[in-house]
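# Take a look and give me a structure for this.
(chains A and B)
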2 protein chains.
Amino acid sequence: MGGDQLPSWRETAAKQSIMEFVADVTNPDSADFITEAQRIAVFDNDGTLWTELPIYAQLAFALNRAAELGQASTLEDLHAGGMPALAELVRLTHADITTDEFQDVCRQWLASARHPRFGRPYPAMVYQPMLELLGLLDHSGFSCWIFSGGGTDFMRAFASEVYGLPPHRVIGSVGATKFRVGPGGPELVKDTAIQVINDGPQKPSSIHTHIGQRPVVAAGNTDGDLAMLQWTAASPQRTLQLVIHHTDSEREYAYDHDPVLGGGTERILTAATEHKWTVIDMAVDWSAIHP
Amino acid sequence: MGGDQLPSWRETAAKQSIMEFVADVTNPDSADFITEAQRIAVFDNDGTLWTELPIYAQLAFALNRAAELGQASTLEDLHAGGMPALAELVRLTHADITTDEFQDVCRQWLASARHPRFGRPYPAMVYQPMLELLGLLDHSGFSCWIFSGGGTDFMRAFASEVYGLPPHRVIGSVGATKFRVGPGGPELVKDTAIQVINDGPQKPSSIHTHIGQRPVVAAGNTDGDLAMLQWTAASPQRTLQLVIHHTDSEREYAYDHDPVLGGGTERILTAATEHKWTVIDMAVDWSAIHP
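All right, here's what the predicted structure looks like:
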């Protein structure tokens, strides 16, 4: 494969660390060579592969859908009501619906909704440099997976098209589903019970359940991704950890705390310094943010 | 690919239904053509891909391991103690151990234990005709997955080698794991909590979580597999359902009720008749059972 495979990455140490890692582990003559079956890369989604501010796309979807269903709610209501209010919003907008119907509802929303600042559909809020990285890894024999705190069903409504990943490699939080044979035949109905909240130390557990192998590449942007990066770093093989640092208030956002759910970056940035992980300074390392 | 791809299948209607299905859905000129991305096949494990009598391999493992740990238990104890006794056996033999250590323990057992009737290692108790079917499907662009009531970690200790499936396509019941940074670095510790018991109506739910697509081939042998076959049959595409019927007391076992856990076959065989699913009569349709 000729040419620059990461054209939206500036020629900085971050890009160099990625290119060197890929060249090394895919070189059969290298002591660090990794077989294709073991080339597994895991990515957080919100804030790592696409813009998560001013609020998660899935939260914007839930607020829109609640209004459509005649039970409008606002961010202020959620802050005032805490977790019970959020759980009620999820129940209202994500449950008592078949999996097929929910996918349709998500796709309609994704096609029509616009990001409040950029005025573009949410799928256009992906990071162009990360799309290039997914492509580079895919072409280099890696299997890329998403492990996000977002809902699996919501993400799968766009991730295959946007990221080029098959649905089984898109894993998030999971609500229970109930199998029933309805009048139209067998169907799965989304339930109110939450089975897995896929954040923090749950991410390595979910990786174990869904992949059953330890990844050699992990990328995240908040403390909720720290365990996933630690787990990957403990592999006996050569590994690569990437921390996306939001430093670009002009082209995107500059922040170290998620203003909605309060996730921070202090622990993951400290770990990155200690273990020499690759911190990506979006303002410096990326020549473009969105496609 | 020339030659007979299912040499251990006799020339009966069962083999014919498989060969016709595969030829049809992989033929680009057929109205039933299915793209490779949608060619997904799901298999139960115990009793469908390998011998499950006189007791599940995993139960034999647990009884052996309990004895090794100085807390011997018997089948009679389990029958007398019911679910609490079984849960205690699982806790004793499957928890408070890291995932890496557990894999080692399983592999050692699988290499040394022998089936009480056939005197061979459990991995040799796989069904040769089903290995050939997995191979045929793989060569025809299908992705084969296992959805079993057995434990995911236990199955993954042998399934890649025996069935040629990557670990992420081997899904069973799941115990919780806890991530911790121990003295030797990050590790996952198997916990006593059961997250998912992958049987009955849970199988379609697990398929949804782990694959996110509806399969077009499903194979099982007991009523615990019925929902999985129903779910597959409701696909808008051409589908294939296989019910393995244990009819061969000479070469394997003839039974319609699992004598340990009590699972039956009445509902799945009735559904097979009603929907014209393919019932595989092991004594008639297979010229060989084990490799």
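# from here on, contacts and neighbour counts on C-alpha atoms
Noted.
# For the one helix or strand A:Gly172 maps to, which helices and strands make contact with it?
Here A:Gly172 sits within strand A:170-182, counting by DSSP states H and E. Secondary-structure packing of strand A:170-182 (3 or more CA pairs under 8 Å, 6 or more residues apart in numbering or on different chains; DSSP states H and E): strand A:143-151, helix A:152-156, strand A:185-196, helix B:202-210.
# For B:Val279, find the nearest of those.
helix B:202-210 (20.0 Å; CA to CA).
# and the closest one, does that touch chain A?
Yes: using CA under 8 Å from any CA of the partner chain, helix B:202-210 reaches chain A at B:202, B:204-205, B:209-210.
# what's the closest of those to A:His275?
Closest to A:His275, out of all of those and judged by CA to CA, is B:His210, at 32.5 Å.
# partners of the strand holding A:Gly172 in the sheet?
strand A:143-151 (parallel), strand A:185-196 (antiparallel) (DSSP bridges).
# and the stretch 101-250 of chain A, which residues reach chain B?
Checking the stretch 101-250 of chain A against chain B by CA under 8 Å from any CA, the hits are A:152, A:156, A:167-168, A:174, A:176-180, A:185-188, A:195, A:201-202, A:204-205, A:209-213, A:227, A:230-231, A:234.
# ChimeraX command to pick out the buried ones of the residues you listed?
The ChimeraX selection below is limited to those of these classed as buried (16 or more other CA atoms under 10 Å in any protein chain shown):
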select /A:152,156,167,168,174,176,177,178,179,180,186,187,188,201,202,204,205,209,210,211,212,213,227,230,231,234
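# how long is stretch A:186-205 end to end?
One end of stretch A:186-205 to the other measures 31 Å (CA to CA, to the nearest Å).
# Where does the stretch 1-150 of chain A get nearest to chain B, which residue?
Per CA to the nearest CA, A:Ala37 is where the stretch 1-150 of chain A lies closest to chain B, at 8.2 Å.
# could you check the angle strand A:185-196 makes with the lengthiest helix in chain A?
Longest helix of chain A, by residue count under DSSP state H: helix A:75-94. Using axes from the mean of the first three to the mean of the last three CA atoms, to 10 degrees, the direction of helix A:75-94 lies 140 degrees away from that of strand A:185-196.
# Check which residues of helix A:75-94 are buried.
Those would be A:78, A:86-87, A:89-94, for helix A:75-94 by 16+ other CA under 10 Å.
# Closest to A:Thr222 out of those residues?
A:Leu86 (20.8 Å).
# Contacts only, for the residue positioned nearest the centre of chain A.
Of all residues in chain A, the one closest to the mean position by CA atoms, centre = their mean is A:Asn45, 1.1 Å from it. Counting by CA atoms under 8 Å, 6 or more residues apart in numbering or on different chains, A:Asn45 makes contact with A:146-150, A:220.
# switch the cut-off to 6 Å
The contact partners of A:Asn45, by CA atoms under 6 Å, 6 or more residues apart in numbering or on different chains, come to A:Ser148.
# any idea how far A:Leu131 is from it?
Counting by CA to CA, the gap from A:Asn45 to A:Leu131 is 12 Å.
# ok but A:Ala67 is inside a helix, no?
Yes: per DSSP: H, G, I helix; E, B strand; the rest coil, A:Ala67 lies within a helix segment.
# Just give me the neighbour total for it.
A:Ala67 has 14 neighbouring residues, counting by other CA atoms under 10 Å in any protein chain shown.
# what about the closest residue to it other than its chain neighbours, helix or strand, and which?
Closest residue to A:Ala67 apart from its sequence neighbours, by CA to CA, 6 or more residues apart in numbering or on different chains: A:Ser73 at 6.9 Å. If you go by DSSP H and E, A:Ser73 is not part of any helix or strand.
# and A:Ser73, how many neighbours does it have?
Neighbours around A:Ser73, by other CA under 10 Å: 17.
# Over to A:Asn64?
18.
# any idea how far A:Arg120 is from it?
From A:Asn64 to A:Arg120 the distance is 16 Å (CA to CA).
# Kindly report the same for A:Phe61.
Counting by CA to CA, the gap from A:Phe61 to A:Arg120 is 15 Å.
# now what about stretch A:275-291, what contacts it?
A:8-10, A:125-128, A:241-248.
# Take it, keep the C-alpha atoms, and write them as CSV.
Extracted as CSV, the C-alpha positions of stretch A:275-291 are listed here (Å, rounded to 0.1, in the frame of the first residue of the first chain):
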residue,chain,number,x,y,z
HIS,A,275,3.8,4.4,31.0
LYS,A,276,4.8,6.5,27.9
TRP,A,277,1.5,6.0,26.2
THR,A,278,0.8,8.1,23.1
VAL,A,279,-1.2,11.2,23.9
ILE,A,280,-2.8,12.7,20.9
ASP,A,281,-3.1,16.5,21.1
MET,A,282,-5.9,17.1,18.7
ALA,A,283,-5.0,20.7,18.0
VAL,A,284,-1.4,19.8,17.2
ASP,A,285,-1.4,16.3,15.9
TRP,A,286,-4.4,16.4,13.5
SER,A,287,-4.6,18.6,10.4
ALA,A,288,-8.3,17.9,10.1
ILE,A,289,-10.9,16.9,12.7
HIS,A,290,-14.1,16.0,10.8
PRO,A,291,-14.3,14.7,7.3
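# picking that back up, looking at the buried residues of helix A:75-94, spot the one nearest B:Leu269.
The nearest member of the buried residues of helix A:75-94 to B:Leu269, counting by CA to CA, is A:His94 at 35.8 Å.
# Find me the pLDDT at the residue lying farthest from the centre of chain A, would you?
Distance from the C-alpha centroid of chain A peaks at A:Pro183, with 36.5 Å (CA atoms, centre = their mean). Model confidence at A:Pro183, given as pLDDT, is 88.
# Could you look up the SS state of the residue of the stretch 1-150 of chain A closest to chain B?
helix.
# Can you report how many residues neighbour it?
11.
# Next: the one 5 residues further on.
Here the neighbour count serves as a burial measure; for A:Val42 (other CA under 10 Å) it reads 26.
# just to revisit the earlier point, dump the strand holding A:Gly172 to CSV, restricted to CA.
Extracted as CSV, the C-alpha positions of strand A:170-182 are listed here (Å, rounded to 0.1, in the frame of the first residue of the first chain):
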residue,chain,number,x,y,z
VAL,A,170,-19.5,-2.9,18.0
ILE,A,171,-20.0,-3.5,21.8
GLY,A,172,-21.5,-1.1,24.3
SER,A,173,-23.8,-1.1,27.3
VAL,A,174,-26.5,-3.8,26.9
GLY,A,175,-30.1,-3.8,27.9
ALA,A,176,-31.8,-7.1,28.4
THR,A,177,-34.0,-8.4,25.5
LYS,A,178,-36.9,-10.8,25.7
PHE,A,179,-37.6,-13.4,23.1
ARG,A,180,-41.2,-13.9,22.3
VAL,A,181,-43.3,-15.4,19.5
GLY,A,182,-45.7,-12.6,18.7
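# Okay, angle between it and helix B:202-210 too, please.
Using the same axes, to 10 degrees: strand A:170-182 against helix B:202-210 is 150 degrees.
# which residues are contacting strand A:170-182?
A:145-152, A:186-191, A:193-198, B:201, B:205.
# Now the phi/psi pair for A:Glu252, please.
phi -150, psi -110 (degrees, to the nearest 10).
# Give the residue spans of the stretch 1-150 of chain A that score low on pLDDT.
A:1-2 (pLDDT under 70).
# quick one, strands of it?
Remark: strands assigned in the stretch 1-150 of chain A by DSSP state E, counting those that start in this stretch are A:40-43, A:97-98, A:143-151.
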